[in-house]
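Asker: for reference, the sequence and a predicted model appear below.
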Amino acid sequence: MQHLSRKAAASISVSITGREIYDLLMEMRRDVLELSGKVDAMPTTLTDHETRLRHLERAVWGYAGAAAVGGGLLGQAVRTWVG
């Protein structure tokens, strides 16, 4: 890759038309509108995820409690059987 000196780089000119600026502005507007729709949908999605996580946590604690009770009962039964 060849680098230009500052003097050579300063002599390069670029022309941007009003039409090009307008086209880019309209493209940005479409992108913002699209993202705005996605952001509006986020609270619903977030609430749904939180609800699902609460149900999962409730189930996990329920299974953990059942396992603790079952383990205690099984331990007591083995102790009674073994003597």
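Answerer: Looks like it came in fine.
Asker: tell me the helix or strand right after the helix-or-strand element of the chain with minimal mean pLDDT.
Answerer: Lowest by mean pLDDT, DSSP states H and E among the helices and strands of the chain is helix 6-10, with a mean of 74. Next along the chain after helix 6-10, taking DSSP states H and E as the criterion, comes helix 18-82.
Asker: any idea of the mean pLDDT for that next one?
Answerer: For helix 18-82, mean pLDDT rounds to 89.
Asker: hmm, who's touching the least confident helix or strand of the chain?
Answerer: Residues from elsewhere that reach helix 6-10 (C-beta atoms under 8 Å, 6 or more residues apart in numbering): none. Placement of C-beta: from N, CA and C, glycine included.
Asker: if I look at Thr44, how far off is Lys38?
Answerer: Distance of Thr44 to Lys38, computed by C-beta to C-beta, to the nearest Å: 11 Å.
Asker: go on, Ala66?
Answerer: The gap separating Ala66 from Lys38 is 41 Å, by C-beta to C-beta.
Asker: same question, Thr51
Answerer: From Thr51 to Lys38 the distance is 20 Å (C-beta to C-beta).
Asker: now Tyr22
Answerer: From Tyr22 to Lys38 the distance is 25 Å (C-beta to C-beta).
Asker: same deal with His49?
Answerer: 15 Å.
Asker: can you check Ile21 too?
Answerer: According to C-beta to C-beta, Ile21 and Lys38 sit 26 Å apart.
Asker: likewise for Met26?
Answerer: Applying C-beta to C-beta, the value for Met26 to Lys38 is 19 Å.
Asker: with Ala68 instead?
Answerer: 44 Å.
Asker: likewise Arg30?
Answerer: Arg30 is 13 Å from Lys38, where distance means C-beta to C-beta.
Asker: go on, Met28?
Answerer: 16 Å.
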